[in-house]
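**Student:** build me a model from this:
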Amino acid sequence: MTKKNISQIVGVTLLLLFSFYYTDKSIDIIRQTDPIMKQIKESSTRYEQKAVDAKISDKTIIPGISGTDIDYKESYKKMKKYGAYNESLTVFKETKPTISIEDTYDKFIVSGNEEKKSVALVFKVENNANITNINNILLEKSIPSTMFLDGLWLENNLETVKNLENAELEILSYNSTYQEVYFSSAINYLNNITGKSSKYCYADYDSKEVIELCSKLKLHTIVPTIKAGNYLYKDIKNKLENASIISIPVNSSTEIELPTVIDYIKSRGYTFKTLDELLSERLDK
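**Tutor:** Numbers count the residues shown, from 1 in each chain. Next up, the predicted model:
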């Protein structure tokens, strides 16, 4: 192929590229001046909501929450096909917070976003804990929960674990310790059982040992908003607030009081979510 032929091919290619560019520009100009697009843009103030950034304070973080924006191109496409502006055909998209918990592992999560009128029940399952009766109460009342299982307990109680069908499962420790080799092994073991990836660690307080290990493993560490004791109803009633992470002991007192506590939380207008749902920065559907 001669230099002349190459130059001709390059010239034609450039002309085509410029042609496509200006054609696309022309289409965009026409779209922006279309009365349908103008009405879509006029409605934006009614629908658009700014994302809320996660709140960081010293060692802690509270999740942000996504915002909403109009997808102008898709909304226009639908309405143009319809032949007129139609509010019900508006297409929305989520806008993510600039500061997010998503990639932040070195801070303790102490609650969900306060805009959520929800709570998450969290249980520590370790040693000789008998979780069966508590799980049955949760099943009967259709209440989701998150259970942090000790790795050694998990190995010794596989049949019980299989019955925790309504619970989100995470690893608490391994034989009440945090040696990385055993802790990581327990996480992999649980992941193979559930078919899901672990996301969270549990700490009763701002434990340096826990957060350093979990941060290294790309797991978020939670510290409960409410850490209930043996006086379950009293402890929760006095401290209940939006987006609380409520840690509940696994014992006979809980078996007695849990139904009453669930009914009380419902009567206050709260819904129940798993920990992952409560901490999600996505908008509730």
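
**Student:** identify the residues contacting N251.
**Tutor:** N230 (C-beta atoms under 8 Å, 6 or more residues apart in numbering). Just so you know, the C-beta spots here come from the backbone N, C-alpha and C atoms, and that holds for glycine as well.

**Student:** before we move on, what about I143?
**Tutor:** L121, I137, N166, I262, F272.

**Student:** so which of those sit within strands?
**Tutor:** The strands, defined by DSSP state E, take in L121, F272 from the contacts of I143.

**Student:** any chance of the contacts of I143 in CSV, plus neighbour count, pLDDT and distance to N113?
**Tutor:** Formatted as CSV, those follow (neighbours: other C-beta atoms under 10 Å; pLDDT from 0 to 100; distance: C-beta to C-beta, whole Å):
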residue, neighbour count, pLDDT, distance to N113
L121, 28, 98, 18
I137, 15, 96, 28
N166, 15, 85, 24
I262, 18, 97, 22
F272, 20, 97, 16
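
**Student:** for K208, state which of the contacts of I143 is nearest.
**Tutor:** Nearest to K208 out of these is L121 (C-beta to C-beta; 26.6 Å).

**Student:** what's the burial count for the residue nearest to that closest one when sequence neighbours are not counted?
**Tutor:** For L121, ignoring the flanking residues on the chain, the nearest one in space by C-beta to C-beta, 6 or more residues apart in numbering is S145 at 4.5 Å. When counting by other C-beta atoms under 10 Å, one arrives at 23 neighbours for S145.

**Student:** let me see the ranges of the strands in the stretch 151-285 of the chain.
**Tutor:** 167-173, 200-202, 220-222, 226-227, 244-248, 271-273 (DSSP state E, counting those that start in this stretch).

**Student:** can you list the strands that the fifth one pairs with?
**Tutor:** If I follow you right, that is strand 244-248. Applying DSSP bridges, strand 244-248 is found paired with strand 118-125 (parallel), strand 226-227 (parallel).

**Student:** put the alpha carbons of it into PDB.
**Tutor:** Extracted in PDB, the C-alpha atoms of strand 244-248 (Å, rounded to 0.1, in the frame of the first residue of the first chain):
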ATOM      1  CA  SER A 244     -29.600   1.200  66.500                       C
ATOM      2  CA  ILE A 245     -27.400  -1.900  66.400                       C
ATOM      3  CA  ILE A 246     -28.700  -3.900  69.400                       C
ATOM      4  CA  SER A 247     -26.500  -6.600  70.900                       C
ATOM      5  CA  ILE A 248     -28.600  -9.100  72.800                       C
END
